[in-house]
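In: need a 3D model of the sequence below.
(2 chains)
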Amino acid sequence: MLSLRSVNGHDAVFFEDLEIGREFTSPGRTVTEADIVIFAGLSGDYNVLHTDAEHMKSSIFGERIAHGLLGLGIQQGLAARGEPAAAHGLLAGLKWKFKGPIKIGDTVHVRSRITAKRDGPDTARGLVTVERRLLNQRGEVVQEGETEHVVERRKP
Amino acid sequence: MSGPSASPALCYFEDVEREVLLETPGLTLTSAHVSLFTGVTADPVLRDPDAVPDLLPLCLSSGLGWRVPRPPLAVLAFMGFEWRFHVPLKVGDTIHSVSLTVAKRSMREGGVIIEERRIVNQRGESVQSGRLTLLVERRPPS
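Out: Below is the predicted model of the structure:
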C-alpha cells in the first residue's frame, strides 16, 4: 500500500519507479452517518462524540463527528485510488495528526507526495516515505501525516 | 443537570493514573471484521483472503480499550499518534492490547495524555505498537 498497495500484476511499480517530489490526488468521498455507525459497530468505539447526536449539540462540534481512525481508514482507501500500486508494498510505520473534525456530509480527498527514499530492511526492498493530507470540501486539512512503506526493488 | 445527559461513570483527566498497565481481553480476527473494514474504508482488498488490513487491529484496539477495569476515558479529541507495524496478522489470530499512560499535561480545555499501546497476538508477540496523544476532559464540577 502506498497505496503502495501490494500487487503482483504487470502494472505494479517498483522502488526505482517512485520519484521524490511526485504528487498524487485522490477522488473525493462523502462521509455518511452510515459510515460512522458501521465503524462504531466494527471497532466497538461508541464514544458519545460519534454516537450521541443530542449530547453533541452542546459540544464545540455541534454534532456527531467521525472517528479519527475512520477518517484515517477512508484516507487509506482513497489514497489507494490516487497513488500507484507498488510491488509487495507493506506499511512499515505511520505518524499522524488529527487536525479537525469530519462531520456527516463532508467530502474528503487525499493529496500526497513522495518525500524520501532510503535503503530498506534488506537489499531486495527499499523504504519510501509519503506525506499525506486529507482535505475537506472547503480545502481545510482535517488530517495529515507521513506513511512509510517497504517497497520491492526491481530484480537485476 | 437534567435529562438524559446525566453522565454514566467516565474516567476524566484527573482520574488517569500514570504507569498503570491496562490489558484488554482478546479478540479473534475474523473475515467478517476484514469485510466490514474493507467495505467502510474501501481499503483495497488484499490478494491473500486471510490477510488483515494493516489499520484494522489499531481500530479494533480502540473499542477493546473500553473493556478494561476502568470506566471509558472521557476523550474530547484524538490528536495524533505514531505507529509501527512489526508482524502482519491473519484471520484467525487473536489480539489484545496493552496500554500505559506515560505522560499527562494539563491544558486549558482539559488535559493531554500520552499513551503507549501495543497490540499482542496469541503467541505474545508485539505485532504493532506506538504512542497516542489524546485530549481528555476534566472532571466537571459537581
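In: wait, residue B:122 touches residue B:89, no?
Out: No. Contact criterion C-beta atoms under 8 Å: residue B:122 and residue B:89 do not qualify, at 10.4 Å. No exception for glycine: its C-beta is placed from N, CA and C like everyone else's.
In: who's more crowded, the two?
Out: The residue with more neighbours, out of residue B:122 and residue B:89, is residue B:89; 21 against 12, by other C-beta atoms under 10 Å in any protein chain shown.
In: contacting residues for that one?
Out: With contact taken as C-beta atoms under 8 Å, 6 or more residues apart in numbering or on different chains, residue B:89 is in contact with B:29, B:52, B:56-57, B:95, B:121, B:127.
In: so which of these is the closest to chain A?
Out: The nearest member of these to chain A, counting by C-beta to the nearest C-beta, is residue B:56 at 8.3 Å.
In: stretch B:59-70: how far from the chain's middle?
Out: Its chain's C-alpha centre and that of stretch B:59-70 lie 6 Å apart, by C-alpha atoms, centre = their mean, to the nearest Å.
In: quick check: mean pLDDT of it?
Out: The average pLDDT within stretch B:59-70 is 88.
In: and if you look at stretch A:131-143?
Out: 98.
In: same question for stretch A:47-58.
Out: Stretch A:47-58 comes out at a mean pLDDT of 95.
In: next one: stretch B:91-108
Out: Stretch B:91-108 comes out at a mean pLDDT of 96.
In: what residues of that stretch count as buried?
Out: By neighbour count on 16 or more other C-beta atoms under 10 Å in any protein chain shown, the buried set for stretch B:91-108 is B:91, B:93, B:95-101.
In: repeat for stretch B:117-125
Out: B:117-121.
In: off-centre distance for that stretch?
Out: That offset, for stretch B:117-125, works out to 14 Å (C-alpha atoms, centre = their mean).
In: hmm, that stretch touching chain A?
Out: No. Using C-beta under 8 Å from any C-beta of the partner chain, stretch B:117-125 never reaches chain A; the gap is at least 12.4 Å.
In: export the least confident helix or strand in chain B by mean pLDDT as CSV, just CAs?
Out: Lowest by mean pLDDT, DSSP states H and E among the helices and strands of chain B is helix B:56-64, with a mean of 92. What follows is helix B:56-64 as a C-alpha-only set of coordinates in CSV (Å, rounded to 0.1, in the frame of the first residue of the first chain):
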residue,chain,number,x,y,z
LEU,B,56,-7.7,-2.8,11.3
PRO,B,57,-6.0,-4.0,14.5
LEU,B,58,-5.5,-0.4,15.7
CYS,B,59,-9.2,0.4,15.0
LEU,B,60,-10.3,-2.7,17.0
SER,B,61,-8.0,-1.8,19.9
SER,B,62,-9.9,1.5,20.4
GLY,B,63,-13.0,-0.5,21.2
LEU,B,64,-11.1,-3.1,23.2
